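Engineer: pasted the sequence and its predicted model underneath.
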Amino acid sequence: MNSLYKYSKNIVLFITSSLAGIILFLWLMSINLGSSVMTSDFHKKLFEKNNIYNEVESEINNLIHGIFINLSSQSPQLSDQQKEIFVMLQDSISPQMVKINLNTIVDGLFKYFSGEKSFCPISLLTPIQRLHKTQWRQQKIH
């Protein structure tokens, strides 16, 4: 009887110690993640390291160029005003502008997810959700 008591006491002690160790490990990991991966500075450094800013700038320029080509093919005589708009768009995109806008979005997202802001800087709705929302609004109006 005495040995059964010691054996059960050791099992309870082992289980309690194991649970305490797991909880301590998870708590330390959450603190570590909260102060490293879950910060906007960490992601800004990743953007720099992986050349995301230049990739985004290149994609924006390709998009504007593609729009210009599509518009030119649909109406060969673009007005001078339309040409000026495309030149202004092309000239207004700079590496600094892209970096500032991406950093603002990253900061806004992390402030939104941490509860510091009550609105999200970008739409998290998928295109299908946006379509349903638009259709719902139109039905509500009519």
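Structural biologist: Arrived safely, thanks for sending.
Engineer: buried set for stretch 51-67?
Structural biologist: 52-53, 56-57, 60 (16 or more other Cβ atoms under 10 Å). Every C-beta, even on glycine, is put in place using the N, C-alpha and C of the backbone.
Engineer: for that stretch, what is the average pLDDT?
Structural biologist: Taken as a whole, stretch 51-67 has a mean pLDDT of 90.
Engineer: what comes into contact with it?
Structural biologist: 46-47, 86, 89-90, 93-95, 98-99, 102 (Cβ atoms under 8 Å, 6 or more residues apart in numbering).
Engineer: pretty sure Asp107 contacts Ser40?
Structural biologist: Yes: the pair Asp107 and Ser40 passes the contact test of Cβ atoms under 8 Å, sitting 4.9 Å apart.
Engineer: and which of the buried residues of stretch 51-67 is nearest to Phe119?
Structural biologist: Relative to Phe119, the closest of the buried residues of stretch 51-67 is Val56; by Cβ to Cβ it sits at 22.6 Å.
Engineer: wait, Cys120 sits on Tyr112?
Structural biologist: Yes: contact criterion Cβ under 8 Å: Cys120 and Tyr112 qualify, at 4.7 Å.
Engineer: that older thread, just the buried residues of the contacts of stretch 51-67.
Structural biologist: 47, 86, 98-99, 102.
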